[in-house]
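Asks: predicted model and sequence follow; I will ask about them next.
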Amino acid sequence: MTANALQQAQGYLSAGMPDRARELLRAELATDPTNPATHLLLGAAESELDNLTEAEQHARLALTSNELAASGWLLLANVLQRIPERKEEFLAAATTAVRSDPNDWRGRQMFAIALYTANLPAAALAEAQHSVNLAVTNEYDRAQALMTLAKLELSAGYRREARETVGQAMALAPTDIELQSSLVRMQLALGQRAKAIATALGVLRVTPTDVAPVNLSKIALFLIELRLVFSALIISFLVPLLTFGVLGMRTQRGEWIDDALTDTVIRGGGAVGLVALLLVASIQLRHLADASVRRAVLRFASRSVRTWIIGIMLIAMALCYLLTIVFGTAVILLPLPFGIMLVTWFFHTFAVHALRTDGI
């Protein structure tokens, strides 16, 4: 394989274009199928594309070179990390990577994650700190090492230390997209939802859709849904409470309530509910007015069963209020939206358990 082709493939990987790198590397592999450097880069490309079986195969073929052994074991560990049932192999690969090159901060970083996965938090924190100490070549490397340390500190329950470490990492590389993505997940894990959505939307506004990390779009969508569902739940609770409260107060005062007045109050409650729901929706969805944010979020929303179900529930809530406006006391639907949104809230809560926020 030519040096120029190697450099070009590495450039594609660095630019976030693993598909282009894979195309080039496969062509080169056809002319020299045993070159370990080709297999190493092709394994990295397949790993970026989540083709874990192919990535593992190429990583193991790269191990035939003593010179590339440390990088090969590191790549293999990175692949095995994403296969939950192979935790022991992940730890073994990460251990071998560190032994192959004890002074590589990336190997120490991966070893720390492996130790955390093996339920050894104290050892994981020590290795993560060692990784930070070794990452002195440039500020970006040190920022990455610090972010991993912060995630492990948070997982171990050291929330204050985790916040401080995150601050140090972002001070070194405040505009890096991958670090911003990690920051959003950390903010979510720390319960800082307002900061998380502000960070995610801020990055999506200035980053092309094909470059922004997938997690940023997914988290932004999750947070927009969360705010919308919570606001709708509050509305669905308050509208019948206030509407029937008005009728109850008049009854307690001994004031006569005829059918016409009751019908008017009920219709008014439906109108208030519908207007409030539309107002809240316009406020919570205002971020989608930005074209970049809209493209990034909607490409996942259109394929998300969770988002479709939430949308249907909100439409059902609006229809309840609309039918109340039209039919008044003939169709008492004001309490129904609360039940609908209560179910939606619990559904959204359980549905997002698959959304990883620790980033480890």
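Replies: Looks like it arrived, so ask away. Numbers count the residues shown, from 1 in each chain.

Asks: could you point out which element follows the lengthiest helix in the chain?
Replies: Looking across the chain with DSSP state H, the single longest helix is helix 214-252. Note on helix 214-252: by DSSP states H and E, the next helix or strand toward the C-terminus is helix 259-284.

Asks: what angle do that following helix and helix 214-252 make?
Replies: Relative orientation of helix 259-284 versus helix 214-252 (axes from the mean of the first three to the mean of the last three C-alpha atoms, to 10 degrees): 160 degrees.

Asks: what's helix 259-284 packed up against?
Replies: Helix 259-284 sits against helix 214-252, helix 305-327, with contacts defined as 3 or more C-beta pairs under 8 Å, 6 or more residues apart in numbering; DSSP states H and E. Bear in mind the C-beta positions are built from the backbone N, C-alpha and C, glycine included.

Asks: what residues of the longest one count as buried?
Replies: Within helix 214-252, the residues scored as buried using 16 or more other C-beta atoms under 10 Å are 215-229, 231-233, 235-236, 239-240, 243-244.

Asks: on that earlier part again, gap between the longest helix of the chain and the chain center?
Replies: With C-alpha atoms, centre = their mean, to the nearest Å as the basis, helix 214-252 stands 24 Å off its chain's centre.

Asks: what's that helix packed up against?
Replies: Helix 214-252 is packed against helix 177-189, helix 193-206, helix 259-284, helix 291-301, helix 305-327, helix 336-351, with contacts defined by 3+ C-beta pairs under 8 Å, 6+ apart.

Asks: could you give the average pLDDT over the second one?
Replies: This means helix 193-206. Averaging the model's pLDDT scores along helix 193-206 yields 76.

Asks: tell me the buried residues in that helix?
Replies: Applying 16+ other C-beta under 10 Å to helix 193-206 flags 196, 197, 199, 200, 201, 203, 204 as buried.

Asks: in TSV, list the residues you listed along with distance to residue 339.
Replies: Below are the buried residues of helix 193-206 laid out as TSV (distance: C-beta to C-beta, whole Å):
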residue	distance to residue 339
196	30
197	28
199	35
200	31
201	32
203	37
204	34
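
Asks: not counting its neighbours along the chain, what's nearest residue 129?
Replies: residue 149 (6.2 Å; C-beta to C-beta, 6 or more residues apart in numbering).

Asks: and the one you found, how close does it get to residue 189?
Replies: 14 Å (C-beta to C-beta, to the nearest Å).

Asks: compare those two and say which is more crowded by neighbours.
Replies: Taking neighbours as other C-beta atoms under 10 Å, residue 149 and residue 189 compare with residue 149 leading, 26 against 20.

Asks: who wins for proximity to residue 160 among the helices and strands packed on helix 214-252?
Replies: Nearest to residue 160 among the helices and strands packed on helix 214-252 is helix 177-189; the distance by C-beta to C-beta comes to 13.2 Å.

Asks: that closest one vs helix 214-252, what angle?
Replies: Following the same axes, to 10 degrees, one obtains 30 degrees for the angle between helix 177-189 and helix 214-252.

Asks: same for helix 177-189, what does it pack against?
Replies: Applying 3+ C-beta pairs under 8 Å, 6+ apart, one finds that helix 177-189 contacts helix 139-155, helix 159-172, helix 193-206, helix 214-252.

Asks: dump those helices to TSV, plus distance to residue 72.
Replies: What follows is these, written out as TSV (distance: least, C-beta to C-beta, whole Å):
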stretch	distance to residue 72
helix 139-155	20
helix 159-172	28
helix 193-206	33
helix 214-252	26
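
Asks: return the closest of the buried residues of helix 193-206 with respect to residue 338.
Replies: residue 197 (25.6 Å).

Asks: surely the closest one and residue 220 touch.
Replies: Yes: here residue 197 reaches residue 220: they are 6.4 Å apart, a contact under C-beta atoms under 8 Å.

Asks: quick one: residue 84 from residue 90, how far?
Replies: On the measure of C-beta to C-beta, residue 84 and residue 90 end up 9 Å apart.

Asks: more crowded one of the two?
Replies: Comparing residue 84 with residue 90 by other C-beta under 10 Å, the one with more neighbours is residue 90, at 23 against 9.

Asks: surely the more buried one and residue 115 touch.
Replies: No: applying C-beta under 8 Å, one finds residue 90 not in contact with residue 115, separated by 10.3 Å.

Asks: show me the shaky parts of the stretch 101-250 of the chain.
Replies: Applying pLDDT under 70 to the stretch 101-250 of the chain picks out residues 206-215, 248-250.

Asks: hmm, 90 instead?
Replies: Low-confidence segments of the stretch 101-250 of the chain, defined by pLDDT under 90: 136-140, 154-155, 157, 159-160, 162-163, 166-167, 169-227, 243-250.

Asks: residue 281 against residue 228, yeah?
Replies: Yes: with contact defined as C-beta under 8 Å, residue 281 counts as touching residue 228 (6.6 Å).

Asks: just put the helices and strands packed on helix 259-284 in a markdown table and tack on distance to residue 345.
Replies: Below are the helices and strands packed on helix 259-284 laid out as a markdown table (distance: least, C-beta to C-beta, whole Å):
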| stretch | distance to residue 345 |
| --- | --- |
| helix 214-252 | 5 |
| helix 305-327 | 10 |
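
Asks: tell me which of these sits nearest to residue 43.
Replies: Of these, the one closest to residue 43 (C-beta to C-beta) turns out to be helix 214-252, at 20.7 Å.

Asks: ok, back up a step: ok, the residue nearest to residue 129 to residue 112 distance?
Replies: Taking C-beta to C-beta, one finds residue 149 at 8 Å from residue 112.

Asks: many thanks, have a good one.
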